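Chemist: Attaching a predicted model along with its sequence, questions to come.
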Amino acid sequence: MKSLEEKIKEAIPTLVVFQHSGNQNADNVDYLIEEIRAKYNGRASVVSVDASHNGEYKVHFKLSGYPTWILYKEGQELMRESGNKTLAELTDMVDRAL
């Protein structure tokens, strides 16, 4: 399995969602992740990270809240959103990077 840094550097857009194990909306976030994976099958990827177990992520990725959605392509951060999002908002993010 590729590391997070390797996934971020891929040529296809990679949406990274940083979650916290105490997030009340974790089930909804998981649902959104699966929907995005199905929609972009091979054209974009989604990585879910439980940041509650790694304090370095909060500093390194400048996380201010959970969930935080960061879209990368070829190692560059393209967009960042925090908080609960709809499927339409997230697919709009990914569509802009395709």
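Modeler: That came through fine.
Chemist: Low-confidence regions, the chain specifically.
Modeler: Confidence mapping of the chain against pLDDT under 70 gives the ranges 1.
Chemist: Let me know the helix or strand that the residue most central in space within the chain is in.
Modeler: For the chain, the residue whose C-alpha lies nearest the mean C-alpha position (CA atoms, centre = their mean) is Val16; its distance is 2.1 Å. Counting by DSSP states H and E, the element that carries Val16 is strand 14-19.
Chemist: list the helices and strands that strand packs on?
Modeler: helix 4-8, helix 26-39, strand 45-50, strand 68-73, helix 87-97 (3 or more CB pairs under 8 Å, 6 or more residues apart in numbering; DSSP states H and E). C-beta coordinates here come from the backbone N, C-alpha and C atoms, glycine included.
Chemist: let's go with 7 Å and repeat that
Modeler: helix 4-8, helix 26-39, strand 45-50, strand 68-73 (3 or more CB pairs under 7 Å, 6 or more residues apart in numbering; DSSP states H and E).
Chemist: buried residues in the third one?
Modeler: This points to strand 45-50. Residues of strand 45-50 classed as buried by neighbour count (16 or more other CB atoms under 10 Å): Ser45, Val46, Val47, Ser48, Val49.
Chemist: do the same with stretch 32-52
Modeler: Using 16+ other CB under 10 Å as the burial criterion, the residues of stretch 32-52 that qualify are Leu32, Ile33, Ile36, Tyr40, Ala44, Ser45, Val46, Val47, Ser48, Val49, Ala51.
Chemist: Would you confirm that Pro13 contacts Leu98?
Modeler: Yes: at 6.5 Å, Pro13 counts as touching Leu98 under the criterion of CB atoms under 7 Å.
Chemist: who has more neighbours, the two?
Modeler: It is Pro13, of Pro13 and Leu98, that has more neighbours when counted by other CB atoms under 10 Å, with 22 against 10.
Chemist: contacting residues around the more buried one?
Modeler: Residues touching Pro13, when contacts are defined by CB atoms under 7 Å, 6 or more residues apart in numbering, comprise Ala44, Leu71, Lys73, Val94, Ala97, Leu98.
Chemist: any idea how far the closest residue to the third one other than its chain neighbours lies from Val94?
Modeler: Distance criterion CB to CB, 6 or more residues apart in numbering; nearest residue to Lys73, sequence neighbours excluded, is Pro13 at 4.8 Å. Counting by CB to CB, to the nearest Å, the separation of Pro13 from Val94 is 6 Å.
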